[in-house]
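*Asks:* Have a look at this prediction, sequence included:
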Amino acid sequence: MGFIALVYNSQFGKYGGDIAISIYAVISSIMTFVIMPASRISQVIQPIIGFNYSAGHNERVKETFTKATLLSVGVTALRLNFIITLVLGFVMLATTLFQSIGKPTASSLITLIRQVLALISFIIILLKFLSINGIFLAQPISDFIAVILSLILIKIEFKQLSQGDFDITLEKYSEAVRE
């Protein structure tokens with residue numbers, strides 16, 4: 001997270017000055033407050049999902065994840081608007097789901113693409129075309145990409161859970177994406 005803040009601050013400082021850095025600091029603080037419920041819910045569901053997954057209760061895994069997502073979105077929506085809540089809460093819970101069932105690769109992939117590959121690329125690219133406004137657009141675009149990726153990976157995982165397949169490798173994910 002510190003590296004991302006460094007990239008933001010250097011670009012804001014270069015193209016927008018102190019005011020842009022201040023706006024980013026305020027937005028960042030608000031977002032920390034907004035995602036707090038999703039973070040806590042993620043911490044609570046991790047052992048529940050992990051236990052049920054290891055016990056072979058695949059429907060409970062899906063049910064827990066679905067209910068936690070709804071709760072996270074509902075609670076966080078009271079703090080800010082629905083779209084921001086949906087994106088942040090869902091992506092956070094998606095990464096927690098994969099961590100809970102022993103699939104750190106999927107969790108890391110979502111985080112890496114959202115916070116590094118897409119975000120930094122869009123900060124640099126959009127800055128060239130839209131000036132400082134491009135920097136502000138980079139995060140929502142990166143989040144949208146993370147939601148789409150999360151939905152794809154969850155759909156694949158839930159399909160595997162419904163089939164009772166516990167040995168899901170990267171190759172199986174690749175095969176399922178191609179289908």
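*Replies:* The structure has been received and is ready for your questions.

*Asks:* distance of the spatially most central residue of the chain from Met36?
*Replies:* In the chain, the centroid-proximal residue (Cα atoms, centre = their mean) is Val91; its distance is 2.7 Å. Distance from Val91 to Met36, counting by Cβ to Cβ, to the nearest Å: 15 Å. The way it works is simple: take the backbone N, C-alpha and C, and place the C-beta from them, glycine included.

*Asks:* go on, Phe90?
*Replies:* Going from Phe90 to Met36 by Cβ to Cβ gives 15 Å.

*Asks:* just Tyr15 next, same as before
*Replies:* The gap separating Tyr15 from Met36 is 30 Å, by Cβ to Cβ.

*Asks:* just to revisit the earlier point, which residue comes closest to the residue nearest to the centre of the chain once chain neighbours are left out?
*Replies:* The shortest distance from Val91 to any non-neighbouring residue, by Cβ to Cβ, 6 or more residues apart in numbering, is to Ala146 (4.8 Å).

*Asks:* I'd guessed that neighbour sits against Ile113; true?
*Replies:* Yes - using Cβ atoms under 8 Å, Ala146 makes contact with Ile113 at a distance of 6.4 Å.

*Asks:* So the two - more neighbours on which side?
*Replies:* Ala146 (26 against 17; other Cβ atoms under 10 Å).

*Asks:* element containing the more buried one?
*Replies:* Here Ala146 is covered by helix 132-162, with elements defined by DSSP states H and E.

*Asks:* Check which helix or strand Ile23 maps to.
*Replies:* helix 17-54.
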